[in-house]
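A.B. asks: Return atomic coordinates for the entry below.
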Amino acid sequence: MGDVVGCAALDIAAGFYLEFGIMERRRYTRGWRGALKMTMFRLTNPRSPAVCKNVSAGGLLIEISEPLEAGRVVYFEMGFAGLQAFAEQSGCAPGAAKNDIITGQARVVRTVHVKNLSAFGWNTGLEFVNMPQETAQLLDKFIISKTGPGPLPS
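C.D. replies: Predicted coordinates:
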């Protein structure tokens, strides 16, 4: 039931974007952590508690407890249930996802303070840097397999 409501909300939001002529700038399909069956996410440098909200082949949005300055490069690990098997079945490059985990670097694009009840008060947009093309392609194919094609509005 929750997935149906989520999809309906996204359809309504997409209609809003189209109706009011707001241009979507994302290049890749974005998936929400629940739909992608994300098993883990952590920043490894800095070592700071964070929660991944959504991810695409171009970057991700995290909630973090402290602000990170724009331009800073961070290191991360993220895991998805079934990613390695998907890579093998879809003919993606071997080794793009070892043990269902992708590691890499991302640059802080923006940090916005949000008032909420959780300990994580900063939404931080990260753009992947130096990600191998085969890993980005695997991630994009995996997200599309779980959510369908096309970038989704915020």
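
A.B. asks: longest strand of this structure?
C.D. replies: Longest strand of the chain, by residue count under DSSP state E: strand 101-113.

A.B. asks: Check which residues of that one are buried.
C.D. replies: 102, 104-108, 111 (16 or more other Cβ atoms under 10 Å). C-beta coordinates here come from the backbone N, C-alpha and C atoms, glycine included.

A.B. asks: Just send those back as a markdown table, with distance to Gly95 too.
C.D. replies: As requested, the buried residues of strand 101-113 are arranged in a markdown table below (distance: Cβ to Cβ, whole Å):
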| residue | distance to Gly95 |
| --- | --- |
| Ile102 | 11 |
| Gly104 | 13 |
| Gln105 | 17 |
| Ala106 | 20 |
| Arg107 | 24 |
| Val108 | 27 |
| Thr111 | 32 |
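
A.B. asks: got these as JSON lines, with pLDDT and distance to Ala57 columns?
C.D. replies: JSON lines is the format used below for the buried residues of strand 101-113 (pLDDT from 0 to 100; distance: Cβ to Cβ, whole Å):
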{"residue": "Ile102", "pLDDT": "92", "distance to Ala57": "11"}
{"residue": "Gly104", "pLDDT": "93", "distance to Ala57": "11"}
{"residue": "Gln105", "pLDDT": "96", "distance to Ala57": "15"}
{"residue": "Ala106", "pLDDT": "96", "distance to Ala57": "12"}
{"residue": "Arg107", "pLDDT": "97", "distance to Ala57": "15"}
{"residue": "Val108", "pLDDT": "96", "distance to Ala57": "18"}
{"residue": "Thr111", "pLDDT": "92", "distance to Ala57": "22"}
